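A.B. asks: From the sequence below, what's the structure:
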Amino acid sequence: MAEEEAPKQPLAIEAPSSSDDTIKLNVNGDVVSLFDKLGPTIVSPEGTLTRIGNWGEMKDDERMRVLRVLGKRNQIRLEALRDAAVETEANPGQQGEGGAGEVPVAQEP
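C.D. replies: Numbering: from 1, shown residues only. Purely as a prediction, here's the structure:
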């Protein structure tokens, strides 16, 4: 007879040791912050993600301005993407019905 095992508790993950959410790696004895090297994530209107190519060369005041503008813009774009997803779920058959940029299909008599 097979014995039933008691349900196992999922393993707990340790809480971060500091309030800093940036990921830091130890590379050849140096501590490197991925955020400092890669910079913030940019959300495009289509929902793709990119990064700022010259983030590592920017001065602190430039970074602060970019973060301020980018934070607001990303929030607006994410909200628009969420709204579009909800609308698509609510009206699944409506997407693609005579929208802009579509080629009409000829109807047979």
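
A.B. asks: neighbours around Gly39, how many?
C.D. replies: 19 (other Cβ atoms under 10 Å). For the C-beta atoms, the positions are set from N, CA and C on the backbone; glycine is no exception.

A.B. asks: Give the buried residues for stretch 39-55.
C.D. replies: Gly39, Val43, Ile52, Trp55 (16 or more other Cβ atoms under 10 Å).

A.B. asks: buried residues in the host helix or strand of Glu89?
C.D. replies: Using DSSP states H and E, Glu89 falls within helix 60-90. For helix 60-90, burial by neighbour count (16+ other Cβ under 10 Å) applies to Val66, Leu70, Asn74, Arg77.

A.B. asks: other SSEs contacting it?
C.D. replies: If you count contacts as 3 or more Cβ pairs under 8 Å, 6 or more residues apart in numbering; DSSP states H and E, helix 60-90 packs onto strand 41-43.

A.B. asks: what's the following helix or strand after the strand it packs on?
C.D. replies: Following strand 41-43 toward the C-terminus (DSSP H and E): strand 49-51.

A.B. asks: Might you list the low-confidence residue ranges for the protein?
C.D. replies: Along the chain, segments meeting pLDDT under 70 span 1-23, 32, 34, 94-109.

A.B. asks: Which one of the buried residues of helix 60-90 is nearest to Asp83?
C.D. replies: The closest of these to Asp83 turns out to be Arg77 (Cβ to Cβ; 10.7 Å).

A.B. asks: nearest residue to that closest one other than its sequence neighbours?
C.D. replies: Leaving aside its sequence neighbours, Arg77 sits nearest to Val43 (Cβ to Cβ, 6 or more residues apart in numbering; 4.7 Å).

A.B. asks: Can you name the residues bridging to the one you found?
C.D. replies: Counting by DSSP bridges, Val43 forms beta bridges with Leu49.
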